[in-house]
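K.L.:
Return atomic coordinates for the entry below.
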Amino acid sequence: MLTRGVVLGDRYLLGERIATGGMGAVWRCTDTLLGREVAVKVLLPSLVADPEFTARFHAEARMLAALRHPGIVAVHDFGSATLADGSRVSYLVMEYVDGEPLTTWVRRAGRLDPASTMSVVSQAARALHAAHAAGIVHRDVKPGNLLVKRDGSVVLVDFGIARSTAMAGLTAAHMVLGTASYMSPEQADGRPVSPVTDVYALGAVAYYCLAGRPPFEGDNPLAVAMRHAQDEPPPLPGDTPPAVVDVVRRALAKRPADRHSSAAALADAAQDARDATLAVLPLPPRPPWAVPGPAAAERPAAAEHPAAPGIPPRPPAEHPAAPRPGGEPPTAGPTVERPRPGRTRRLALAGAAGVVLIALVALVAVLRPDDPGDKAAALTGGSLTAAPTRTGGGPTKARPTSAGTGRPAASASARPSRSATTDPATTGVPARPSGTAPTTAAPTTAPATSAPATGPTTGPASPSAGGDRPNPYTAEQACGAGYQVIDSADLVAAGARQGTVYLLYAAGSGTNCTVTLKSSDVGTATAASAWLEVQGGSRSTDRGAFAYYAGPVRADAAGECVRWGGSVGDVAYDSPFEHCG
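P.N.:
Residues are numbered from 1 along each chain as shown. All right, here's what the predicted structure looks like:
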């Protein structure tokens, strides 16, 4: 019998049981060998003797092990153990995600605001695209399988019924698998699934977030599944922006061919809808998962501007982020990666095929009930300069000038000052790429000091030109709770500071974050950017017109050197690779 204190594999000490799913229970455990918290999923004892479920459990382990994406829970180990009573159990060891299911957040708030919803959808879609690129269809995308951390980042979990093209034999013909409230029409009638099956489910999740209920309800799972194939969903709340409505409608198209062509396309559409929503809102209230930032008591007071009736606060920007109009600063932004050119990194509802679903009664149906809401784991001009303010070490070696680029080399000094460069891309938003699975980079080693940079920068620099008001945000608030500044660079033009680029680190999550705070034209959307790159990896960039700051952009670096930078208007800063190990 599994209880607190049992040790699996002479290594994993069971703590509290944090969730129970269709195939097993998830325990919060301690890895006694490495001294870290992990989540251990144990196949239910009643299923251990079932070859099909055992094979499915093993398949989940293999599929997760093949996926590396910040939005997908990481697998560490897999094994079997004999308990004191002689029974055998199989277990899967995963990263512990310190977050709660989306279900929990929605129930607390009643429903989510459109911007928060599109943020969640965009992140989850990026994670799904990575799985699809590996030949895996999740088949059970639902709020309970999306964990949201306090910093707003979303992690996709539970691949227990996922289908891999390499393991097609695990599902019998006409077997129905999934959760009825989020099940696509093709799943309901036993037709083949595809990546756009997950697109439909994520559309249903978006509907749930916006309306506070799934698109279809019924007396039993079969009735709900039939409605997915036969009925049109009720209209979304009247205060839902048209762009958001359009994203959800298309995702919920009955015919797979009428949906977004891929999860990446859905992610882009959701990001665009989020950008459009944020662009017209005067204040950025906090999403339900946000916590007060470290400098909240020192922030200038913001004028009260309540959200629309029944709408909770909107979220901080995702990674990459969209403009944040102003007011009470958010404390954190979700981690989402958006492909950019050259860098890794909208529905007609079809007619229903209702008669087919009558056959469901005779099918082998595994229709999961709704989520229980359990707590879950886990420039080229000499007059423009960018002067970095260092807090985490000595001078950085100069980089040579790139031939033909007009970029001056960096000069090494106690507080190195680098010439800013003209980045034409900062003057406009580039066209969206087709969308590929992003390659996420990752956290450098925490510096010896975690104190924010406060010292003077090289060269005279007034706060900003034109008597701009102070920026009400701090870098820590933009990146989220737990982040501390380890480096910064002022963006200076004609002696006036236009903004500051910050590099931060969160020791708890082992994540770096870059954000560019504006000092000029504060409160007005103007061109700005923030970017982060891991040596040997790809650059992630947030670029657009922002009122207060660009970013946050986050990455894991696993001890690798990182480059970071950003821009405000025409003045930009590029660091060399640094903060290694």
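K.L.:
which residues of the stretch 451-581 of the chain fall in strands?
P.N.:
With DSSP state E, counting those that start in this stretch as the criterion, the stretch 451-581 of the chain has strands at 483-493, 496-506, 511-518, 526-534, 539-546, 549-555, 562-568, 571-574.
K.L.:
ranges for the helices of this protein?
P.N.:
Using DSSP state H, the helices of the chain run over 45-48, 51-65, 102-109, 114-133, 185-188, 195-211, 221-230, 242-251, 263-279, 475-479.
K.L.:
then the longest one to CSV, C-alphas only?
P.N.:
The C-alpha coordinates for helix 114-133 follow below in CSV (Å, rounded to 0.1, in the frame of the first residue of the first chain):
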residue,chain,number,x,y,z
PRO,A,114,-9.6,37.5,-22.4
ALA,A,115,-5.9,38.5,-22.3
SER,A,116,-5.2,35.9,-19.6
THR,A,117,-7.1,33.3,-21.6
MET,A,118,-5.2,34.0,-24.8
SER,A,119,-1.9,33.9,-22.9
VAL,A,120,-2.7,30.4,-21.6
VAL,A,121,-3.8,29.3,-25.0
SER,A,122,-0.7,30.6,-26.8
GLN,A,123,1.6,28.9,-24.3
ALA,A,124,-0.3,25.6,-24.3
ALA,A,125,-0.4,25.6,-28.1
ARG,A,126,3.4,26.1,-28.3
ALA,A,127,3.9,23.1,-26.1
LEU,A,128,1.4,21.1,-28.1
HIS,A,129,3.2,22.0,-31.3
ALA,A,130,6.4,20.6,-29.9
ALA,A,131,4.6,17.4,-29.1
HIS,A,132,3.0,17.3,-32.6
ALA,A,133,6.4,17.8,-34.2
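K.L.:
quick one, that helix and helix 195-211 angle?
P.N.:
Calculated by axes from the mean of the first three to the mean of the last three C-alpha atoms, to 10 degrees, helix 114-133 forms an angle of 160 degrees with helix 195-211.
K.L.:
For helix 114-133, give the mean pLDDT please.
P.N.:
Helix 114-133 carries an average pLDDT of 94.
K.L.:
same check, this time on the first one
P.N.:
Looking at helix 45-48 alone, the average pLDDT works out to 73.
K.L.:
contacts for that helix?
P.N.:
2, 23, 24, 53, 54, 57, 87, 88, 89, 90 (C-beta atoms under 8 Å, 6 or more residues apart in numbering). Any C-beta I mention is one placed from the backbone N, CA and C, and that applies to glycine too.
K.L.:
cutoff 7 Å now
P.N.:
By C-beta atoms under 7 Å, 6 or more residues apart in numbering, the list of residues contacting helix 45-48 from outside reads 23, 53, 54, 87, 88, 89, 90.
K.L.:
Show me how this protein divides into domains.
P.N.:
The record's domain parsing of the chain by automatic domain parsing lists 7-95, 99-295+307-368, 384-421+439-574.
K.L.:
Touching, residue 75 and residue 62? I think so.
P.N.:
No. At 8.9 Å, residue 75 and residue 62 do not qualify as touching, with contact defined as C-beta atoms under 7 Å.
K.L.:
Between these two, tell me which one has more neighbours.
P.N.:
Neighbour count, other C-beta atoms under 10 Å: between residue 75 and residue 62, residue 75 has more, with 20 against 14.
K.L.:
That one: what's it in contact with?
P.N.:
61, 64, 65, 92, 94.
K.L.:
what about 6 Å?
P.N.:
64, 65, 94 (C-beta atoms under 6 Å, 6 or more residues apart in numbering).
K.L.:
Separate out the buried members of the residues you listed.
P.N.:
For the contacts of residue 75, a burial check counting by 16 or more other C-beta atoms under 10 Å picks out 64, 94.
K.L.:
could the contacts of residue 75 be laid out in CSV, adding pLDDT and distance to residue 550?
P.N.:
CSV is the format used below for the contacts of residue 75 (pLDDT from 0 to 100; distance: C-beta to C-beta, whole Å):
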residue, pLDDT, distance to residue 550
64, 76, 33
65, 82, 35
94, 90, 33
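K.L.:
wait, residue 287 sits on residue 117?
P.N.:
No. Under the criterion of C-beta atoms under 6 Å, residue 287 makes no contact with residue 117, lying 9.7 Å away.
K.L.:
Show me which of the two is the more surrounded one.
P.N.:
Using other C-beta under 10 Å, the more surrounded residue of residue 287 and residue 117 is residue 117, with 31 against 27.
K.L.:
measure residue 28 to residue 40 for me?
P.N.:
8 Å (C-beta to C-beta, to the nearest Å).
K.L.:
neighbour count winner among those two?
P.N.:
Applying other C-beta under 10 Å to residue 28 and residue 40 shows that residue 40 carries more neighbours, namely 29 against 21.
K.L.:
Hmm, the more buried one is touching residue 29, no?
P.N.:
Yes. With contact defined as C-beta under 6 Å, residue 40 reaches residue 29; the gap is 4.6 Å.
K.L.:
what's the distance between the nearest residue to residue 157 once chain neighbours are set aside and residue 82?
P.N.:
Leaving aside its chain neighbours, residue 157 sits nearest to residue 73 (4.6 Å; criterion: C-beta to C-beta, 6 or more residues apart in numbering). Separation of residue 73 from residue 82 (C-beta to C-beta): 27 Å.
K.L.:
In terms of neighbours, single out the busier of those two.
P.N.:
Higher neighbour count among residue 73 and residue 82: residue 73, with 24 against 10, using other C-beta under 10 Å.
K.L.:
Can you tell me how far that one is from residue 16?
P.N.:
Distance from residue 73 to residue 16, by C-beta to C-beta: 18 Å.
K.L.:
Check residue 566 too.
P.N.:
Residue 566 is 42 Å from residue 16, by C-beta to C-beta.
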